[in-house]
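Chemist: Pasting the sequence and the predicted coordinates here, then a few questions.
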Amino acid sequence: MQSIRTASRALILKNGKLLTIQMRDSSGIFYILPGGGQQHGETLKESLIRECKEEIGALVTIKELLYVREYIGRNHEFKKSHRDFHQVESVFRCDLSSSEEIGDGSELDKKQIGVEWLPLGRLKEYRLLPKIIRPFFNHSGFNCPNLYLGDAN
């Protein structure tokens, strides 16, 4: 029996830029929001704090829930490698805590090659995943019209 993975991610905006994890796969460079899988016994917020410490080397302050999306791998572009992968992802607006700055994380994702601030006005130039969230950004921030985005990439 296959299981459904739960995950949490941080949407961090600062000075007109979005904080992302830079990743590399066989098709090139792409960007995702910091965060990842929830471990047994953790709340979504606890897992997000841990994941951000691991990936961006910084403590975050978690604010409101922005959206929830599912990712059922067999329905999307990575279906060959993700055919049995199903994740429910909660994305929270976050800030870097007080004087925290990003740095080297303690435990990078296996495809992670860096951390990068992407300018909001130029997001369409980058391979930001999931693609569904791109239209919700503007020069000053993020506004998602629905809390639940469904099965999307």
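Modeler: Sure, I can see it.

Chemist: D151 contacts N75, correct?
Modeler: Yes: at 5.8 Å, D151 counts as touching N75 under the criterion of C-beta atoms under 8 Å. Yep, even glycine has a C-beta here, placed from its N, CA and C like the rest.

Chemist: the bottom helix or strand of the protein by mean pLDDT?
Modeler: Within the chain, no helix or strand scores below helix 79-82, which has a mean of 65 by mean pLDDT, DSSP states H and E.

Chemist: Report all helices and strands that the following helix or strand past that one contacts.
Modeler: On the C-terminal side of helix 79-82, the nearest following helix or strand under DSSP states H and E is strand 86-96. Contacting strand 86-96 under the criterion 3 or more C-beta pairs under 8 Å, 6 or more residues apart in numbering; DSSP states H and E are the following elements: strand 5-14, strand 35-37, helix 44-56, strand 60-72.

Chemist: Among those, which comes closest to S140?
Modeler: Of all these, it is strand 5-14 that lies closest to S140, at 8.8 Å by C-beta to C-beta.

Chemist: show me the contacts for the most centrally placed residue in the chain.
Modeler: Nearest residue to the geometric centre of the chain (C-alpha atoms, centre = their mean): L33, 2.4 Å. By C-beta atoms under 8 Å, 6 or more residues apart in numbering, the contact list for L33 reads 9-11, 19-21, 91.
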